[in-house]
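Asks: take this sequence and fold it.
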Amino acid sequence: MRAIVCTKYGTPDVLQLKEVEKPTPKDNEVRIQIHAAIVTPSDCAFRKANPFIIRLLYGLMRPKNNILGVELAGEIESVGKDVKLFKKGDQVFGISPNSFGAHAEYMCLPEDKSVIIKPVNAAYEEAAGVCDGALTALIFLRDTAIIQSGQKVLIHGASGSVGAYAVQLAKYFGAEVTGVCSSTNLELVKSLGADQVIDYTEEDFTKSDQTYDVIFDAVGKRSFSQCKSSLKQRGIYLSTVPSLGVMLQMLWTSKIGSKKAIFTAAGLKQNKENLNFLKELVEAGKIKSVIDRRYPLEQTAEAHRYVEKGHKKGNVVITFGT
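Replies: Numbering: from 1, shown residues only. Alright, predicted model coming up:
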């Protein structure tokens, strides 16, 4: 099978299209023929080993997992003898956060991992896209901020993969949503349901007199100290980027003051229940994928280069010509 192989850390040039052995499913595994996968900023971080902690977790000198890619959608091609939940031909979507491997034509996953039947009204590319930002946004808003109907929520980076789904989910939970993005993405964010949209190239939301119950920095660009005056009493600041500053702010605000800075390791908290919840929202028309660009598998390095520019809207999809 064809796969994008990464045997050393570095620039996108380290990604090589190679023929590798097709995996064989274990008794409790399914083998998925992948039709769509995603390139995310996390994929770029793992490829570069930046931050350095990646080397401590996934290989000091070189990657332990040579095939990157976490989010996927495809078709069950074969099943192990003990598999009960799936059958050959099932159309599925999900994530592989531990072993990666989605940037290949086939991969095997245990049936009890975060893979389920995809939404009936979503194409493979759209289903894979939901796995990128929506799972993260759900954990931050529903489980961490415990978002409530009627709250005022600001999403910074509202056109990115996490932000685009955060806008839609916040609206679903009944919040009044303000999206912050660049001028080129104002109409997109409005179309996702934002009640107000702020062009950060023209206006700094931290300088206005508006206050919010939740400020969700989905791109890690604004600090808690910058946002604090824009939070209501007992307001919550969320960031997807676990910088040292955010960690110190979390520790400090957990002891002092009513306004809190919170980070959560959303990737460690994903499960089938979250996927099923999002599947129902997709099928009900409550959330939709935002796909910026599509690249064939052999152009995965180009997809990395584009994602690293930091200006993508929603998801960047890898296609497999199937």
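Asks: how many neighbours does the residue lying closest to residue 311 once chain neighbours are set aside have?
Replies: In space, and not counting its chain neighbours, residue 311 is closest to residue 182: 7.9 Å by C-beta to C-beta, 6 or more residues apart in numbering. Quick note: C-beta positions are derived from backbone N, CA and C, even for glycine. Residues lying near residue 182 (other C-beta atoms under 10 Å) number 16.
Asks: just the helices in this structure please.
Replies: 41-48, 53-58, 124-138, 161-172, 186-191, 224-227, 244-255, 272-283, 300-308 (DSSP state H).
Asks: which positions within the shortest one qualify as buried?
Replies: For helix 224-227, the neighbour count (16 or more other C-beta atoms under 10 Å) marks 224, 226-227 as buried.
Asks: and those residues, which is closest to residue 281?
Replies: Closest to residue 281 out of the buried residues of helix 224-227 is residue 227 (27.9 Å), distances taken as C-beta to C-beta.
Asks: right, and residue 196 touches residue 180 too?
Replies: No - taking C-beta atoms under 8 Å as the definition, residue 196 is not a contact partner of residue 180, at 9.6 Å.
Asks: which one of the two is surrounded by more residues?
Replies: Taking neighbours as other C-beta under 10 Å, residue 196 and residue 180 compare with residue 180 leading, 29 against 15.
Asks: so what's the more buried one up against?
Replies: Listed by C-beta atoms under 8 Å, 6 or more residues apart in numbering, the contact partners of residue 180 are 154-158, 197-198, 200, 205.
Asks: and for residue 47, the neighbour number?
Replies: Residue 47, neighbours per other C-beta under 10 Å, totals 23.
Asks: cool, residue 42 as well?
Replies: The local packing count at residue 42 equals 18, with neighbours defined by other C-beta under 10 Å.
Asks: how near is it to residue 96?
Replies: 13 Å (C-beta to C-beta, to the nearest Å).
Asks: ok so, going back, quick one: pLDDT of the residue nearest to residue 311?
Replies: Note for residue 182: predicted pLDDT of 95.
Asks: check residue 54 too.
Replies: 87.
Asks: what sits against it?
Replies: By C-beta under 8 Å, 6+ apart, the contact set of residue 54 is 45-46.
Asks: let's go with 10 Å and repeat that
Replies: Counting by C-beta atoms under 10 Å, 6 or more residues apart in numbering, residue 54 touches 9, 42, 45-48, 60, 63.
Asks: over to residue 23?
Replies: The neighbours of residue 23, taking C-beta under 10 Å, 6+ apart as the test, are 1, 3, 29, 31-32, 67, 101, 104, 106-109.
Asks: could you redo the last one with a cut-off of 7 Å?
Replies: Residues counted as contacts of residue 23 (C-beta atoms under 7 Å, 6 or more residues apart in numbering) are 31, 106-108.
Asks: returning to what we had before: just the buried residues from the contacts of residue 54, in PyMOL please.
Replies: In PyMOL syntax, the buried subset of those is picked out as below (16+ other C-beta under 10 Å):
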select buried, resi 9+42+46+47+48+63
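Asks: nearest to residue 210 among the contacts of residue 54?
Replies: Proximity of the contacts of residue 54 to residue 210 was ranked by C-beta to C-beta; the top entry is residue 42 with 31.5 Å.
Asks: what's the neighbour count on the nearest residue to residue 281 once chain neighbours are set aside?
Replies: Nearest non-adjacent residue to residue 281, counting by C-beta to C-beta, 6+ apart: residue 287, 4.7 Å away. A count of nearby residues for residue 287, using other C-beta under 10 Å, gives 25.
Asks: now do the same contact list for residue 287.
Replies: Contacts of residue 287 by C-beta under 7 Å, 6+ apart are 134, 165, 168-169, 278, 281.
Asks: quick one: which of the residues you listed is nearest to residue 87?
Replies: Nearest to residue 87, judged by C-beta to C-beta, of these is residue 278 at 22.7 Å.
Asks: in the stretch 201-322 of the chain, which ranges drop under the pLDDT threshold?
Replies: Filtered on pLDDT under 70, the stretch 201-322 of the chain yields the residue ranges 242-257, 268, 322.
Asks: show me the domain layout of the protein.
Replies: The record's domain parsing of the chain by automatic domain parsing lists 2-122+289-319, 133-267.
Asks: let's have the ones you listed in TSV, adding distance to residue 274.
Replies: As requested, the domains of the chain are exported to TSV (distance: least, C-beta to C-beta, whole Å):
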stretch	distance to residue 274
domain 2-122+289-319	8
domain 133-267	6
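Asks: which one of these lies nearest to residue 273?
Replies: Using C-beta to C-beta, the domains of the chain put domain 2-122+289-319 closest to residue 273, at 9.3 Å.
Asks: got the angle for the longest strand anywhere in the chain vs helix 124-138?
Replies: The strand spanning the most residues in the chain, taking DSSP state E as the definition, is strand 29-39. Angle between the axes of strand 29-39 and helix 124-138 is 80 degrees (criterion: axes from the mean of the first three to the mean of the last three C-alpha atoms, to 10 degrees).
Asks: great, nothing more from me.
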